[in-house]
Structures are given as structure tokens and as C-alpha cells.
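**Student:** I'll drop the sequence and a predicted model, then ask my questions.
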Amino acid sequence: MRLKLVNLSELWKMKLRTEIKIHKQEREISHQDSILLMGSCFSDHIGNKLKENKFDVVVNPLGIAYNPISLHQHLSLDYFQLNKNFEDIQLTDELYYHYDFHSKFNSFTKEDFVVHVEKAYQAQLEQLNKKPIVFLTYGTAWVHELKSNQQITNNCHKQPSTLFNKRILSVKEIVNSFISMKKKLESEYGHSFSFIFTISPVRHLKDGFIENQLSKSTLNLAIHQLCSNYKNCSYFPSFEIMVDDLRDYRFYNEDLLHPNDTAIKYIWKQFSNAYFSEKTNKYVQQIEKINQSLHHRPFNIHSEANQKFLKKLKNDIKQFSTESNIDFSEELEQLEDQVLPF
């Protein structure tokens with residue numbers, strides 16, 4: 001039997017992956033915009049990229065929220081509801097916590113817990129007052145309800161499973177919850193907000209493989225309905241990019257669930273192309289070069305070559321800051337401390 005030789009030129013022409021074509025969005029993001037990102041841990045990834053590139057960003061001030069109901073409750077929280085929540089602070093193993101808030105707020109005293117949450121809430125209010133673009137990452141449609149009062153919890157804080165009922169949200173519940181939150185924000189702030197939805201590319205396999213797919217599909221149906229009904233809502237397909245475009249385990253962390261740095265950079269690039277103007281993308285490229293230079297670690301910080309490098313970098317940043325109207329005062333102050341006076 002004769003083996004058929006493979007033509008390498010034909011091999012290179014083969015389509016080996018399914019790339020997702022993402023259309024340019026009408027609502028572009030610039031460095032003049034403020035952005036509030038809330039939801040699952042994937043919001044942290046995108047938020048950190050935006051921070052690195054000098055955007056005005058606040059990320060998950062009240063902590064990570066995986067399900068849409070808890071996320072909407074965080075966004076629509078007011079002082080009255082916040083103080084009412086403080087009446088339900090729990091104490092277990094000498095730690096104070098609340099089922100609506102992330103474990104990062106857990107404290108040894110009730111007073112410390114209240115102070116930490118109030119500070120985070122104030123940061124959210126300040127960002128909302130800037131009329132930000134709101135980026136929402138839905139993680140799962142599965143929720144845990146307290147049996148005692150049917151309250152949907154944001155975080156179970158490792159309490160016994162016998163305290164909760166587990167169920168999946170309906171599309172109607174998610175849609176109605178978002179609409180209520182949206183109306184409350186518009187009433188309180190006197191204007192509409194632009195929303196960008198995405199579904200976390202992290203698979204929640206503790207719920208089960210089939211259950212995870214059911215959850216993600218429910219979230220997708222709810223978002224589709226909202227984006228179809230509201231012009232100020234758009235969808236960025238981070239989940240689809242991960243499971244269809246980057247459908248290989250080399251793009252995952254060791255847990256085979258979370259996207260690794262390569263995947264996050266790829267998704268960030270797709271997000272940039274979809275939501276940034278050509279001008280903003282050029283600014284981002286320049287900022288990435290500046291950040292790379294700022295992280296440069298010379299062999300001898302006092303050498304003449306390094307001092308010339310620092311002075312040039314400082315002048316380049318000043319010029320770019322003036323042209324772009326982007327604040328680099330913190331970076332310039334750090335460089336000032338490194339440049340020798342000669």
C-alpha cells in the first residue's frame with residue numbers, strides 16, 4: 001500500500017479553526033468614558049486590561065456576583081436597602097458575613113464589615129454618578145435560595161447545603177430583574193445607561209456538564225431578549241470565543257475551566273476591535289509600549305545608558321499625555337524619583 005504524500009502548500013491553506021466575526025459596535029468606548037464592570041471573575045480580567053490601558057474603571061466594587069439577580073441587586077442598591085441588609089449580617093466561626101456580599105468583606109467585627117461594605121458602595125456610587133458604560137458579566141443561571149426566606153444568595157459562604165434550595169433561574173426572571181434595575185437607575189440618576197453584556201467563558205462544571213450548558217443557554221436567551229428590546233444594550237461573545245474559536249485546552253489554566261493569559265489577551269484584542277475606535281486603539285498600542293518600558297529592569301539603574309532611557313521615556317510620556325489628554329501623573333512621578341539630578 002502506497003502512502004499518499006501531503007502537499008505542504010495545501011496544508012497551510014486548510015482552515016483549522018472557526019473564527020468568530022465580531023461586528024464593530026455603534027457605541028464606541030474612548031478614554032473619555034467611565035466604565036463600571038460587574039459580575040463574575042471574568043469582569044476582573046477585562047477590567048484589569050482596561051485599567052492597564054488608562055481607562056477610568058471601577059471593577060466589582062461590591063465583590064464578584066455570578067448570578068444575574070445578585071448582580072442586578074448590587075447595581076440597584078440604595079442606602080435604605082444597604083442599611084436593611086446590615087440587619088441580616090451573619091456570624092459563624094468568629095467571622096461576620098452576609099449572603100449578599102463576597103467573602104472579601106468578611107470581618108472579625110460587625111463594625112469592620114459595615115465599614116468595608118460602605119466604602120465599596122461609595123466607590124460604586126461615585127462611578128455611577130459619572131454616567132458610565134456598564135459592563136455586565138453573567139456567570140451562571142443556577143442560584144441558591146435560603147430555605148428560611150427564599151432569598152437568592154450571592155455567596156453561600158461555605159454554609160451547610162441543608163440551608164439552601166438550588167434551582168435555575170428562568171429567562172423571564174432574569175429579564176424582569178434587569179428591567180427593574182434599569183428603571184431604578186434611570187429614575188435615580190435622571191438618564192439612561194449603556195450596557196454591554198457578556199457571558200463568562202468559565203464553565204461551572206460543579207453544577208454538571210449538561211447543567212452548565214442549560215445555564216449558559218438560559219443566560220444567552222435572556223441577554224438576546226434584552227438586546228433585541230433595548231438599543232443601549234449590546235452583547236460581546238466572550239463565551240463563544242472561548243468555546244468555539246479557542247476550543248483547545250492549551251488556552252485554559254491547569255484546572256481546564258478558566259481561560260489562561262493567552263486566551264484573555266485574545267479575547268481582550270477582540271473586545272478592543274469591537275468597541276474601540278481607530279484612534280482609541282492607537283492610544284492603547286502606545287500605552288502598552290509605555291507600560292512595557294516602565295516595567296523594564298536595567299542591570300544598573302545608575303548607568304548613563306539607563307538615565308538616558310529614563311529621560312527619553314519621561315519626555316515621550318509627557319508628550320503623549322498632552323496629545324491624548326490621558327493622565328500619567330503617577331508614572332511621571334515614579335520616573336522623577338529614578339532620574340538622577342545631573
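**Tutor:** Received the coordinates, thanks.
**Student:** Report the rounded mean pLDDT for stretch 320-328.
**Tutor:** Averaged across stretch 320-328, pLDDT comes to 94.
**Student:** scratch that, stretch 104-111
**Tutor:** On average, stretch 104-111 scores 96.
**Student:** List the buried residues of it.
**Tutor:** 105-107 (16 or more other Cβ atoms under 10 Å). Where you see a C-beta, it was placed from the backbone N, CA and C, and this is true even at glycine.
**Student:** Likewise for stretch 164-172?
**Tutor:** 164, 169, 171.
**Student:** In JSON lines: those residues, plus secondary structure.
**Tutor:** Listed next are those as JSON lines, based on DSSP: H, G, I helix; E, B strand; the rest coil:
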{"residue": "164", "secondary structure": "strand"}
{"residue": "169", "secondary structure": "coil"}
{"residue": "171", "secondary structure": "helix"}
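**Student:** wait, which of those is closest to residue 122?
**Tutor:** residue 169 (29.5 Å; Cβ to Cβ).
**Student:** and the closest one, what does it touch?
**Tutor:** Residue 169 sits next to 67-69, 141-143, 218 when contact means Cβ atoms under 8 Å, 6 or more residues apart in numbering.
**Student:** okay, the buried residues of stretch 164-172 in CSV with pLDDT and distance to residue 29 next?
**Tutor:** Listed next are those as CSV, based on pLDDT from 0 to 100; distance: Cβ to Cβ, whole Å:
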residue, pLDDT, distance to residue 29
164, 97, 38
169, 98, 29
171, 98, 28
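**Student:** So what would you say the end-to-end distance of stretch 298-307 is?
**Tutor:** Length of stretch 298-307, first residue to last, Cα to Cα, to the nearest Å: 10 Å.
**Student:** wait, residue 340 sits on residue 304?
**Tutor:** No: with contact defined as Cβ atoms under 8 Å, residue 340 does not count as touching residue 304 (9.7 Å).
**Student:** would residue 300 count as being in a strand?
**Tutor:** No: if the criterion is three-state DSSP, then residue 300 is coil and not within a strand.
**Student:** Quick check, it in contact with residue 306.
**Tutor:** Yes: between residue 300 and residue 306 there is a contact at 6.4 Å, judged by Cβ under 8 Å.
**Student:** So if I had to pick from those two, which one is more boxed in?
**Tutor:** residue 306 (18 against 9; other Cβ atoms under 10 Å).
**Student:** which SSE is that one in?
**Tutor:** helix 304-324 (DSSP states H and E).
**Student:** Go ahead and name everything in contact with that helix.
**Tutor:** 31, 283, 286, 290, 293-294, 296, 298, 300, 326-328, 331-332, 335-336, 338-340.
**Student:** Could you turn the buried ones of these into a ChimeraX selection?
**Tutor:** Buried members of the contacts of helix 304-324 can be picked out in ChimeraX with the line below, counting by 16+ other Cβ under 10 Å:
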select :31,283,286,290,293,326,328,331,335
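**Student:** For the buried residues of stretch 104-111, give me TSV that also has secondary structure and distance to residue 227.
**Tutor:** Listed next are these as TSV, based on DSSP: H, G, I helix; E, B strand; the rest coil; distance: Cβ to Cβ, whole Å:
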residue	secondary structure	distance to residue 227
105	helix	32
106	coil	36
107	strand	39
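**Student:** Look up how far residue 105 lies from residue 29.
**Tutor:** Counting by Cβ to Cβ, to the nearest Å, the separation of residue 29 from residue 105 is 30 Å.
**Student:** actually residue 185, not the one I typed
**Tutor:** Distance from residue 185 to residue 105, by Cβ to Cβ: 23 Å.
**Student:** And the helices in the stretch 51-200 of the chain?
**Tutor:** 68-75, 79-85, 110-128, 171-189 (DSSP state H, counting those that start in this stretch).
**Student:** Pick the most deeply packed of those.
**Tutor:** Mean neighbour count (mean count of other Cβ atoms under 10 Å) peaks for helix 68-75 among the helices of the stretch 51-200 of the chain, with a mean of 24.
**Student:** Remind me what it packs against, helices and strands.
**Tutor:** strand 34-39, strand 133-138, strand 152-153, helix 171-189 (3 or more Cβ pairs under 8 Å, 6 or more residues apart in numbering; DSSP states H and E).
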